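A.B. asks: Generate coordinates for the sequence data below:
(chains A, B and C)
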Amino acid sequence: MSTEVAVEKMDGAQAAQELAGLADVLARANAAYHRDDAPEISDAEYDRLKRRNAAIEERFPELKRDDSPSDMVGAPVSETFTKVKHAVAMLSLGNAFNDEDVAEFESRVAKYLGIKQGIAFTAEPKIDGLSLSLRYEQGVLVQAATRGDGETGENVTNNARMIDDIPQTLTGAPDVLEVRGEVYMSHANLAALNAAQLAKAAKPFANPRNAAAGSLRQLDARITKARPLHFFAYAWGELSEPLATTQMGAIERLAALGFSTNPLTGRFQGAKALVTHYRKIEEQRATLGYDIDGVVYKVDDLELQRRLGVRSTTPRWAVAHKFPAEIAHTWVEGIDIQVGRTGALSPVARLTPVTVGGVVVSNATLHNEDYIQGRDSKGGMIREGRDIRVGDWVEVYRAGDVIPKVRDVDVSKRKADSKPYVFPAVCPECGSPALREEGDSVARCTGGLICPAQAVEKLKHFVGRSAFDIDGLGKKQIEMFFHDKTLPIREPADIFTLAQRDAQQLTKLKNRDGWGELSAANLFAAIEAKRKIPLNRLIFALGIRHVGDSSGALLAGHYGSWRALVSTLDAAKDHAGEAWEDLLSIDGVGAVMAAALVDTFHAPDTRAAIDRLVAELDVQDAIANDTSGSPVTGKIVVFTGTLELMTRAEAKGRAETLGAKVSGSVSKKTDIVIAGPGAGSKAKKAEALGVKILTEVEWLALIGEAR
DNA sequence: GTGCCTCGAGTTCA
DNA sequence: CTCGAGGCAC
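C.D. replies: The predicted structure is shown next:
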């Protein structure tokens, strides 16, 4: 952010100069946004610059340029897409990489359901595009949303209306119908689009998926219209009535309603038949005319799908059998060591840039010492027994088509004087010894906060999105302030004394290069706004090993206040006693996490830094759930057998929010046992002890969730 | 003791 | 996204 002169105080020369600069910046940002689908600046910044441009033009109308950003067509108009929360989450799929994984998938399903082999599955090509959820109410398309993170996506309704394959109205559809599928661009259409791009001297799209994503996420729907996109329907979200009783039946119903469905979708018995179909699709891959990256298998019977249920992000009843990843070959130019927040030393290969699957890759993680030496604990996707050296010619691929990895080394191209890479015994950043503990897969710097790399990474974590999330204080600024001589941020507490310290300086932040009155004031205000911090965020922000986002929430929920948490950790000093047991009693907290917490609070330097920080803050207690009205408050309940209407995690979560304590074993303290089919010894024991036993349905009725 | 499942930590590129 | 590993159910 440059030092900005208030518009009212500008002279003509300044105005003309700034207008030129703005025209340039905004034009480039616009091009990046539209052509590459890769914004260079944030939308907020874009809007701000555009408003400033307009303000200057208003005061100096005669200076308005011919290429004024105000007149740009198709510029992202204020705001981005609105967010849409999916009524039913859009899940991702588990992966299978070989025939064996597919066989395992089948036996997992069979075992879970308690039935023999011979389950029917559907198989269909996995289109390489982007997922879209279309909501129809009374047969009318009312909303289209991208997948986003699965929970919340972006509203792209206007753009989706431009796609011919997507019907605007349906006849004979359920009142509420969410159709899910994939938007993609055919090879032919991509070629035509790229020819047009080149004619305009614009950058061509690297692959159909980028082109489809870029075309759909246009704020100007007219651009989407000009880009020929297609849509295959293959799934659904919220429904007011079932589409069919089988996956295949549902697909046929969607086709009957007017959606395109993939012609290579079929129904098969057992893993062997699935793999045969996979090979058939693989043979046709090059001639399909659109990109696919595998084949998706789904349990055909929808009743079985429901029984199998979902894990946190993937269903148990489906899997994606991926085609082998695209590979490329390149040189290892060097191996660098990065030091993470927990002190972990991770080696990174610096590669001669090479294109893998449409993306230029120049770095690849090497994980740890074992990986470099050709020892991989799991085997899996890695060559055996071949070490990686600087100067080696290697095979790289992108795991999950995203993360670059080194898979193999061509030893024959190795020079005679090549030497094995020696993993450092000391931290390259601070010189402290690097130790690898028994059973740990990585070596860690022992320098703690003495190590500048660890200190700065911890600070970056502290201001991260799930932690303090301070506007205008990101990784770059942290890096800058960490090394700053006059106004340093060396530990979290320093952030909250920044404004005060700045006021005492002769050269204030606002007078520095790259800063202005406004930007400095904004930063201080953003920091001030986060003094008030929810307990769970504070716990997470401390960056204690093994304590992440969800554990932070867990601890906050259990202890309620900072004071209660600290007194427990203080009392649990010896890893024993009542306080220690209390920590372990929390579901999800084990000895490892408890020890990490207690030890962090008893390390004198760390504790002092934490106390300095908390003295600056206004910590918000966790809001305890009001469970007084719940019929099961304080009751100890046990779930046993197969739950058919909800997952175990869901059942547990619901019970806990209603104030019940979920236990794993039945004792005379148990109040209720909820027994599903297949319940064995626990139900018997409950009976013997005279504990109340409910079916799943009765339980749901009790907590007022009858379905 | 084994086998899920979830979480934490580290990672790339646009 | 992937891996390892902690935590828990069986």
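A.B. asks: which stretches of the stretch 151-300 of chain A form strands?
C.D. replies: A:152-154, A:176-184, A:230-239, A:266-269, A:292-299 (DSSP state E, counting those that start in this stretch).
A.B. asks: which one of the ones you listed lies closest to DNA strand C?
C.D. replies: strand A:292-299 (11.0 Å; Cβ to the nearest atom of the strand). (C-beta placed from N, C-alpha, C; glycine too.)
A.B. asks: check contacts around residue A:477.
C.D. replies: residue A:523 (Cβ atoms under 8 Å, 6 or more residues apart in numbering).
A.B. asks: Now name the helix or strand holding the residue in the stretch 101-250 of chain A positioned nearest to DNA strand B.
C.D. replies: At 5.6 Å from DNA strand B, residue A:108 is the closest residue in the stretch 101-250 of chain A, using Cβ to the nearest atom of the strand. Assigned by DSSP states H and E, residue A:108 belongs to helix A:99-113.
A.B. asks: Can you point out the buried residues in that helix?
C.D. replies: When neighbours are counted by 16 or more other Cβ atoms under 10 Å, the buried residues of helix A:99-113 are found to be A:102, A:103, A:105, A:106, A:109, A:110, A:113.
A.B. asks: Now the residue nearest to the spatial centre of chain A, what are its backbone angles?
C.D. replies: Note on chain A: the residue nearest the mean C-alpha position is residue A:149, at 6.4 Å, using Cα atoms, centre = their mean. Phi and psi for residue A:149, reported as degrees, to the nearest 10, are phi -90, psi 10.
A.B. asks: okay if I get the strands of the stretch 151-300 of chain A as a markdown table plus mean pLDDT and distance to residue A:409?
C.D. replies: Output for these, formatted as a markdown table (pLDDT from 0 to 100; distance: least, Cβ to Cβ, whole Å):
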| stretch | mean pLDDT | distance to residue A:409 |
| --- | --- | --- |
| strand A:152-154 | 83 | 41 |
| strand A:176-184 | 94 | 36 |
| strand A:230-239 | 94 | 40 |
| strand A:266-269 | 95 | 39 |
| strand A:292-299 | 92 | 26 |
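A.B. asks: which helix is the longest one in chain A?
C.D. replies: Among all segments of chain A classified by DSSP state H, the helix with the greatest residue count is helix A:12-31.
A.B. asks: chain center to that one: distance?
C.D. replies: 35 Å (Cα atoms, centre = their mean, to the nearest Å).
A.B. asks: average model confidence for it?
C.D. replies: For helix A:12-31, mean pLDDT rounds to 70.
A.B. asks: Give me the pLDDT for residue A:645.
C.D. replies: pLDDT, residue A:645: 65.
A.B. asks: and what of residue A:471?
C.D. replies: 85.
A.B. asks: now it: how far from residue A:573?
C.D. replies: Between residue A:471 and residue A:573 the distance is 38 Å, computed by Cβ to Cβ, to the nearest Å.
A.B. asks: Tell me who's in contact with the closest residue to residue A:249 other than its chain neighbours.
C.D. replies: Once flanking residues are discounted, residue A:249 sits nearest to residue A:243: 7.3 Å by Cβ to Cβ, 6 or more residues apart in numbering. Residue A:243 makes contact with A:174, A:177, A:236, A:249, A:250, A:253, A:254, according to Cβ under 8 Å, 6+ apart.
A.B. asks: Tell me which of these fall in helices.
C.D. replies: Filtering the contacts of residue A:243 for helices - DSSP H - leaves A:249, A:250, A:253, A:254.
A.B. asks: what's the closest of those to residue A:183?
C.D. replies: residue A:254 (15.3 Å; Cβ to Cβ).
A.B. asks: which residues in the stretch 601-707 of chain A form strands?
C.D. replies: Using DSSP E, counting those that start in this stretch, strands in the stretch 601-707 of chain A cover A:618-620, A:636-640, A:661-663, A:672-675, A:692-694.
A.B. asks: Deepest in the core, which of the ones you listed is it.
C.D. replies: Comparing the strands of the stretch 601-707 of chain A by mean neighbour count (mean count of other Cβ atoms under 10 Å), strand A:672-675 comes out on top with a mean of 24.
A.B. asks: Restricting to C-alpha, output it in PDB.
C.D. replies: Output in PDB follows, covering the C-alpha atoms of strand A:672-675 (Å, rounded to 0.1, in the frame of the first residue of the first chain):
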ATOM      1  CA  ILE A 672     -29.600 -45.400  28.800                       C
ATOM      2  CA  VAL A 673     -28.300 -47.900  26.200                       C
ATOM      3  CA  ILE A 674     -29.300 -47.300  22.600                       C
ATOM      4  CA  ALA A 675     -29.000 -50.700  20.900                       C
END
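A.B. asks: so what strands line up beside it?
C.D. replies: strand A:636-640 (parallel), strand A:692-694 (parallel) (DSSP bridges).
A.B. asks: is any part of it close to DNA strand C?
C.D. replies: No. Using Cβ under 7 Å from any atom of the strand, strand A:672-675 stays clear of DNA strand C, coming no nearer than 11.0 Å.
A.B. asks: Tell me which helix or strand the closest residue to residue A:168 other than its chain neighbours sits in.
C.D. replies: Leaving out its chain neighbours, the residue that sits closest to residue A:168 by Cβ to Cβ, 6+ apart is residue A:141, at 5.2 Å. Using DSSP H and E, the element containing residue A:141 is strand A:140-146.
A.B. asks: and that strand, is it in reach of DNA strand C?
C.D. replies: No. Strand A:140-146 is not in contact with DNA strand C by Cβ under 7 Å from any atom of the strand; minimum separation 13.5 Å.
A.B. asks: got a list of contacts for that strand?
C.D. replies: So strand A:140-146 is in contact with A:84, A:86, A:130-136, A:153-157, A:159-161, A:166-170, A:216-217, going by Cβ under 8 Å, 6+ apart.
A.B. asks: What residues of that strand count as buried?
C.D. replies: Within strand A:140-146, judged by 16+ other Cβ under 10 Å, the buried ones are A:141, A:144, A:145, A:146.
A.B. asks: would JSON lines of those with pLDDT and distance to residue A:394 be doable?
C.D. replies: Listed next are the buried residues of strand A:140-146 as JSON lines, based on pLDDT from 0 to 100; distance: Cβ to Cβ, whole Å:
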{"residue": "A:141", "pLDDT": "96", "distance to residue A:394": "49"}
{"residue": "A:144", "pLDDT": "93", "distance to residue A:394": "43"}
{"residue": "A:145", "pLDDT": "91", "distance to residue A:394": "41"}
{"residue": "A:146", "pLDDT": "89", "distance to residue A:394": "36"}
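A.B. asks: if we can go back for a sec, let's have the strands of the stretch 601-707 of chain A in CSV, adding mean pLDDT.
C.D. replies: Formatted as CSV, the strands of the stretch 601-707 of chain A follow (pLDDT from 0 to 100):
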stretch, mean pLDDT
strand A:618-620, 93
strand A:636-640, 76
strand A:661-663, 70
strand A:672-675, 79
strand A:692-694, 80
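A.B. asks: Adding distance to DNA strand B, write those out as JSON lines.
C.D. replies: Listed next are the strands of the stretch 601-707 of chain A as JSON lines, based on distance: least, Cβ to the nearest atom of the strand, whole Å:
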{"stretch": "strand A:618-620", "distance to DNA strand B": "19"}
{"stretch": "strand A:636-640", "distance to DNA strand B": "14"}
{"stretch": "strand A:661-663", "distance to DNA strand B": "14"}
{"stretch": "strand A:672-675", "distance to DNA strand B": "18"}
{"stretch": "strand A:692-694", "distance to DNA strand B": "23"}
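A.B. asks: Of the ones you listed, give the one that comes closest to residue A:485.
C.D. replies: The nearest among the strands of the stretch 601-707 of chain A, by Cβ to Cβ, is strand A:618-620 at 30.3 Å.
A.B. asks: elements contacting that closest one?
C.D. replies: strand A:532-534, helix A:535-541 (3 or more Cβ pairs under 8 Å, 6 or more residues apart in numbering; DSSP states H and E).
A.B. asks: I'd like the average pLDDT over the last one.
C.D. replies: With pLDDT averaged residue by residue, helix A:535-541 scores 92.
A.B. asks: Contacts for the next helix or strand after it next, please.
C.D. replies: Once the chain leaves helix A:535-541, the next helix or strand it forms, by DSSP H and E, is helix A:549-559. Helix A:549-559 has contacts (Cβ under 8 Å, 6+ apart) with A:466, A:534-540, A:547, A:565, A:568, A:586-589, A:593, A:597, A:622, A:624.
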